[in-house]
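> give me a 3D structure for the following:
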Amino acid sequence: MPLEFTAFCELHRPRYLSYARVWFHDPTRAGRVVDQAFRKLADVWPEVLGSPNPAAIAWQILRSTVAECDRPRPEPIVEHRPSPADEDLAILHYVVGLAAPEIADVVGAEAASVAGQLRHALRGMPQEW
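Below you'll find the model as predicted:
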């Protein structure tokens, strides 16, 4: 694989693993899901690298890979769950422990936008986290 791809994977793997572990409590399973996402990313890497926002595309590949896998689906405890995107940001912040600028790097968004979405997501954060 190209050096850029290897560097991207090394940079994002720990955060992707932390995110996947929220959904798959077995670290081995979470690792397999992240590896699967990176394989999908490798298949389209030249296009991703040439895009205006490679991190955003890679994050969407990870999210879709996690969603495709058979993961436990907890019963909603709150009446109004946040949107899936807000839920992901809340998981990265409140569970994984990333600050808004780090989350912005991971998901390919602006830090100010992430901070605003986190405030919104906090209102409907599920108790099962």
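> check contacts around residue 20.
Neighbouring residues of residue 20 by Cβ atoms under 8 Å, 6 or more residues apart in numbering: 30, 31, 33, 34, 62, 66. Where C-beta positions appear, they are placed from N, C-alpha and C, glycine not excepted.
> same thing with residue 35?
Residue 35 neighbours (Cβ under 8 Å, 6+ apart): none.
> which parts of the host helix or strand of it are buried?
Using DSSP states H and E, residue 35 falls within helix 27-43. Residues of helix 27-43 classed as buried by neighbour count (16 or more other Cβ atoms under 10 Å): 29, 30, 31, 33, 34, 35, 36, 37, 38, 40, 41.
> tabulate these (JSON lines), appending pLDDT and distance to residue 108.
As requested, these are arranged in JSON lines below (pLDDT from 0 to 100; distance: Cβ to Cβ, whole Å):
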{"residue": "29", "pLDDT": "95", "distance to residue 108": "25"}
{"residue": "30", "pLDDT": "95", "distance to residue 108": "21"}
{"residue": "31", "pLDDT": "96", "distance to residue 108": "23"}
{"residue": "33", "pLDDT": "96", "distance to residue 108": "20"}
{"residue": "34", "pLDDT": "97", "distance to residue 108": "17"}
{"residue": "35", "pLDDT": "97", "distance to residue 108": "21"}
{"residue": "36", "pLDDT": "97", "distance to residue 108": "20"}
{"residue": "37", "pLDDT": "97", "distance to residue 108": "15"}
{"residue": "38", "pLDDT": "98", "distance to residue 108": "16"}
{"residue": "40", "pLDDT": "97", "distance to residue 108": "16"}
{"residue": "41", "pLDDT": "97", "distance to residue 108": "13"}
